[in-house]
Every structure is written in structure tokens, then in C-alpha cells.
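Engineer: here's my sequence, what's the structure:
(one chain, ligands or ions: 2)
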Amino acid sequence: MQKRLFIKTYGCQMNVYDSARMTDVMAPLGYMPAVSAEGADLVILNTCHIREKAAEKVFSELGGIRRLKRARERQGGRMLVAVAGCVAQAEGEEIRRRAPFVDIVFGPQAYHRLPEMVTRALADSAGGVLDTSFPAEPKFDYLPERLAAPGTSAFLTVQEGCDKFCTFCVVPYTRGAEYSRPAADVLAEARRLVEAGAREITLLGQNVNAYHGAACASGPNGGEWGLGELIRALAELPGLERIRYTTSHPRDVDDALIAAHRDLPQLMPFLHLPVQSGSDRVLTAMNRRHTAHQYKRTVERLRKARPDLALSSDFIVGYPGESDDDFRATLDLVREIGFAQAFSFKYSVRPGTPAAEAEDQVPEAVKATRLAELQDLLQSQQRAFNQGCVGTVLPVLFEKPGRHPGQLVGRSPYLQAVHADSTPDRIGEIMPVMIHAAAPNSLAGAIIARPTAKEECAA
Ligand code: 5AD
Ligand code: SF4
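Structural biologist: Ligands and ions are numbered 1, 2, ... in the order given. Got it, this is the predicted structure:
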């Protein structure tokens, strides 16, 4: 009998990928994706623990899910509720205590066992299932092939976990130790994605450029491949027009990766390279293991290899002990580098991480003032970057219908959303677009290509 599965995803792109794979593992049991939690047989919240606010959202969402579960029971049905992802990993016991109606709690490394957990939960109406182990078996070996068509742009996880232990960050605890998938597995999955219609693949990993997977048997290098070698092999896949990767660590940008940016037109000229702070004192306290100067030098080398490279970054303001001078150093770094876009956050205390113990926490009001100032600067750089595209022609990979009828939306090489009037048959195609307007978060333009053969025939 067909059952309905609803997954709500929070946080990073890796969670988006994981949610899609959860759908795949449940399909053989008859669970089909549903668009809402109402009336679903299984509801999964795939959660994010990176900042306090992200984690709190889960508990407020669970209030609503509980009401839907009770309504389902009043109608004589049953709804299983599961909490997955990093909040589940970090606060599994707390979830069981605060929300005892949750049937299953499981961490990011255990979702290949979901069918078994669901079967157990269905058999045992009182107990509940908790699996926040770090299984010895890599889950990727136990996941079925993907079922849903990937669309024009697909995510592909190549690396997971993190061994860097930045002092503010929960990821090494929730996602566990660094693990790289063998290159042959990545290439096989990429090939299937391209055959199913993907034109662009974004390689995912918490520390994606720390990738060091077993080399492909047929490849030129023995032993292990880094991300540069992996991208080089992917660039040989016919039909794969664009390659991206995220998220990178400045320390792991090596010569092979820089060379890939220099040599491979498929590797898009946009890089998310978090720096967090421009102050060496703060960077040291954060255990980032690089200085502001080293970051700038890395950017310089990347830009030399790929002069049109656009940069994005993450910033934290108000890290414990951050002084006004430290914060000024961050503003200086931003001015010196110039970012096409960025994410910036107030430092958020994460229990269990070293920075949470620090005594010199920065007052909320100071954090708020600094964040506003930094965001002003970053937004003005983003606006200037977008404005600089007006009057140029950008190749746009169209992905889906736009908000207005007769319009499509796609991405420029620099990851900007671009709107243009077009017939839907151009979804999945890369078209040259003359940009005529820039908004803070998107561009608008007109396709300038010659009419398609079909239109020529009709004319
Ligand atoms: N507080 C604020 N921001 C954080 N990030 C990670 N941990 C914290 C924290 N405790 C930010 C970093 C990271 C991004 C994904 O989230 O900037 O790069
Ligand atoms: Fe967190 Fe640092 Fe690892 Fe990034 S590199 S996931 S910020 S510990």
C-alpha cells in the first residue's frame, strides 16, 4: 500500500542532499513524497544545529507536528514522527524528553538504517527508536541509486564530517570525523546524474576541499585523489557543463585545486571560501589555522589562475574576546578582497564547543551593532558586483520557471539568479543573456541567442 512521506529540511545543502537520499531509502517500502505533513504516514524533520536559533526552530515546529499526529490518530490512522540531522545527533536525549511523541531520532550517519528503524517503530508503539551512533559501515555503501530525476542542477556529497575543530563549531561533533567517498563511486553517481538530465553538479562536503578519496582504478594517480584531481576527472564527463563545490576551508586550497580553476572551463568562477574573521588574534582563538595574510594570499593565487573568480565567504562577529580593533580588521579584509556575496552571523554559543566556555563573551548589543555594520559593507559590495554585470552578456543555465508567466530563472557562472523571458523548453540549456537590470539578490536580462530551429521553422 502506498504511504506518504513528508520531509522538512533545515540548514545546509548537505541536509538537502540527505533528505533526498532518505526519500530514496524509503521508496522500496512504499513511501512516496508528500507536499505537506498533514495526513502523512511518516514526517521527518531534518535539522540543523549550527546556531542556537536553528536548533530552537525544531522544537517549535514539533508543537505543530504533534497536533497533526494527534488529529491523525483521532481518525484511526498513524503518523510516525522522526527527527534527523544534527540536532538529533547532538540533542537526541533532550528531544526524547521534551517531545516524547517523537518515534524515531537518528543522526546524519545512520539514515541508511531508516527502513529498519521505521519497521521497529511501527511494531513497537510505546518505545521509540534512537540511533545517534556513528556506524562503522559508511552509509554510502548502503544507499540505493537515486530515484527522483535530479533536475538541471544536482548536489553530490563527496566528503562528510570535519577534523578541523574550529572552537565555535558543532560540526565535528554532529557530523563526525572526516570521510571521503572513493572517487570511483563519485564518478559513477555523477555519470548517473548526467544521464538523468543534470547539467551542473555541486560537490558537497563540510570540508569539501579536504577531499582525499581512494583514487579511481582507471585514473592516472595511484593512492588517493584530492579535490583537484576529482574535478579534473568529472570535467571529462560528456554533458556535464558546470561543476561547483562547497564548502571549502582556506587551508585546504592546494596547487591541484588552483590548477583546476585555471584549466577547466567547467569549473565555475565562483568560490565560497569562509574566512570568519580578519583578525589574526581571533583566527588563532578560533583555531582556524590560517592568518588573514594567508587567506589573502590564497585568494590572490586563485585570482591569478582564474581572473574573473567571484568570492563568497562566511563571517562571525562577536566571537568571545573580539575587540573593536579585531572587528575593524574584519572590515579591512572585506574592503581589501571584495566579495560578490557573503553570509554573516553573530557568534552563537554552542554547548560542548570550546568557545562556549570562554569568559569574555561579547554582549548581544555589541554583536548586533557589528553585524549591522559588516552587513552594510557586504551588501554594498554585492550590489556593486551585481550592478557591474549590467550591460554584459552572461551564460545562464536555466533551471525552472520564474515567478512571472513566460519567464525562466537560471544561474550565472557567479551563482547569481538570472530572470529572463523564455519558453520552458530552454530549461536545462545554457543561453547567453544580456543583463539589463540588477537587484540586490538577482539579475534580469534578455536571451540574445538566435531563435531555435523550431522557432525558425514556425516563422
Ligand atoms: N555561531 C555563529 N556562526 C557559526 N557558524 C558556525 N558555528 C557558528 C556559531 N557557533 C557559521 C560559520 C560557518 C557557517 C556555516 O556557520 O560562519 O562557516
Ligand atoms: Fe566547522 Fe571549522 Fe569544520 Fe568548518 S572547518 S565545519 S567551521 S569545524
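Engineer: what's the first-to-last distance across stretch 77-94?
Structural biologist: End-to-end distance of stretch 77-94 (C-alpha to C-alpha, to the nearest Å): 27 Å.
Engineer: just how off-centre is it within its chain?
Structural biologist: Between the centre of stretch 77-94 and the centre of its chain there are 21 Å (C-alpha atoms, centre = their mean, to the nearest Å).
Engineer: buried ones in it, by neighbour count?
Structural biologist: 79-92 (16 or more other C-beta atoms under 10 Å). The C-beta positions use only the backbone N, C-alpha and C, and glycine is treated the same way.
Engineer: what of stretch 40-53?
Structural biologist: For stretch 40-53, using 16+ other C-beta under 10 Å, the buried residues are Ala40, Asp41, Leu42, Val43, Ile44, Leu45, Asn46, Thr47, Cys48, His49, Ile50, Arg51.
Engineer: one more: stretch 27-34?
Structural biologist: Quick answer for stretch 27-34 (16+ other C-beta under 10 Å): Ala27, Tyr31, Pro33, Ala34.
Engineer: distance from that stretch to the middle of the chain?
Structural biologist: With C-alpha atoms, centre = their mean, you get 24 Å for stretch 27-34.
Engineer: what does this structure put close to ligand 2?
Structural biologist: Cys162, Lys164, Phe165, Cys166, Cys169, Val171, Pro172, Gln206, Asn207, His249 (C-beta under 6 Å from any ligand atom).
Engineer: rerun at 5 Å
Structural biologist: Residues of the chain lying near ligand 2 by C-beta under 5 Å from any ligand atom: Cys162, Lys164, Cys166, Cys169, Val171, Gln206, His249.
Engineer: got CSV for those residues, with neighbour count, secondary structure and distance to Thr298 too?
Structural biologist: Formatted as CSV, the residues of the chain next to ligand 2 follow (neighbours: other C-beta atoms under 10 Å; DSSP: H, G, I helix; E, B strand; the rest coil; distance: C-beta to C-beta, whole Å):
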residue, neighbour count, secondary structure, distance to Thr298
Cys162, 24, coil, 19
Lys164, 17, coil, 16
Cys166, 21, coil, 17
Cys169, 21, coil, 20
Val171, 23, helix, 21
Gln206, 24, coil, 19
His249, 20, coil, 10
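Engineer: closest one of those to Asn287?
Structural biologist: Cys166 (5.5 Å; C-beta to C-beta).
Engineer: about what we covered before: closest one to Thr23 out of the residues of the chain next to ligand 2, please.
Structural biologist: Using C-beta to C-beta, Gln206 comes nearest to Thr23 of those, at 21.7 Å.
Engineer: my read: the closest one touches Arg175, true?
Structural biologist: Yes: between Gln206 and Arg175 a contact is recorded at 5.7 Å, counting by C-beta atoms under 8 Å.
Engineer: in its sheet, what does the stretch of helix or strand Leu443 belongs to sit against?
Structural biologist: Assigned by DSSP states H and E, Leu443 belongs to strand 442-447. Using DSSP bridges, strand 442-447 pairs in its sheet with strand 417-421 (parallel), strand 430-438 (antiparallel).
Engineer: enumerate the residues of this protein near ligand 1.
Structural biologist: Ile50, Arg51, Phe168, Cys169, Pro274, Asp314, Ile316, Phe345, Tyr347, Ser348, Arg350.
Engineer: now the second one: phi and psi?
Structural biologist: In this case it means Arg51. Dihedral pair for Arg51: phi -130, psi 160, per degrees, to the nearest 10.
Engineer: and the pLDDT at it?
Structural biologist: You'll see Arg51 listed with a pLDDT of 91.
Engineer: ok, and the closest non-adjacent residue to it?
Structural biologist: Nearest residue to Arg51 in three dimensions, chain neighbours excluded: Ser348, at 3.9 Å (C-beta to C-beta, 6 or more residues apart in numbering).
Engineer: and the residue lying closest to Val433 once chain neighbours are set aside, what does it touch?
Structural biologist: The shortest distance from Val433 to any non-neighbouring residue, by C-beta to C-beta, 6+ apart, is to Gly445 (4.1 Å). Contacts for Gly445 (C-beta atoms under 8 Å, 6 or more residues apart in numbering) come out as Leu394, Val396, Val418, His419, Ala420, Val433, Met434, Ile435, His436, Ala437.
Engineer: state the distance from Lys296 to Ala372.
Structural biologist: Lys296 is 25 Å from Ala372, where distance means C-beta to C-beta, to the nearest Å.
Engineer: between the two, which one's more packed in?
Structural biologist: Comparing Lys296 with Ala372 by other C-beta atoms under 10 Å, the one with more neighbours is Lys296, at 16 against 11.
Engineer: now do the same contact list for the more buried one.
Structural biologist: Leu333, Glu336, Ile337.
Engineer: among the buried residues of stretch 27-34, name the ones in strands.
Structural biologist: Among these, DSSP state E puts Tyr31, Pro33 in strands.
Engineer: kindly present the buried residues of stretch 27-34 as a markdown table, with separate columns for pLDDT and distance to Ile201.
Structural biologist: Converted to a markdown table, the buried residues of stretch 27-34 look like this (pLDDT from 0 to 100; distance: C-beta to C-beta, whole Å):
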| residue | pLDDT | distance to Ile201 |
| --- | --- | --- |
| Ala27 | 93 | 22 |
| Tyr31 | 96 | 26 |
| Pro33 | 95 | 22 |
| Ala34 | 95 | 27 |
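Engineer: who's in contact with the helix or strand in which Ile95 is found?
Structural biologist: Using DSSP H and E, Ile95 sits in helix 85-98. Residues from elsewhere that reach helix 85-98 (C-beta under 8 Å, 6+ apart): 10-11, 15, 18, 45-50, 54-55, 58-59, 83, 102, 105-108, 128, 130, 132, 170-171, 173-175, 352.
Engineer: list only buried entries from the residues you listed.
Structural biologist: By 16+ other C-beta under 10 Å, the contacts of helix 85-98 give 10-11, 15, 18, 45-50, 54-55, 58-59, 83, 102, 105-108, 128, 130, 132, 170-171, 173-175 as buried.
Engineer: inside helices: which ones of those residues?
Structural biologist: Asn15, Asp18, Ala54, Ala55, Val58, Phe59, Val171, Tyr173, Thr174 (DSSP state H).
Engineer: mind listing what the first one touches?
Structural biologist: Contacts were defined as C-beta under 8 Å, 6+ apart; by that measure Asn15 touches Thr9, Asn46, Thr47, Cys48, Gly85.
Engineer: please redo it, this time with the cut-off set to 7 Å
Structural biologist: Asn15 makes contact with Thr9, Asn46, Cys48, Gly85, according to C-beta atoms under 7 Å, 6 or more residues apart in numbering.
Engineer: nearest to Arg232 among those?
Structural biologist: Of these, the one sitting nearest to Arg232 (C-beta to C-beta) turns out to be Thr9, at 31.3 Å.
Engineer: for beta bridges, what are the partners of that closest one?
Structural biologist: Asn46.
Engineer: what's near enough to touch it?
Structural biologist: Applying C-beta under 7 Å, 6+ apart, the residues contacting Thr9 are Asn15, Val16, Ser19, Asn46.
Engineer: cool, thanks, talk later.
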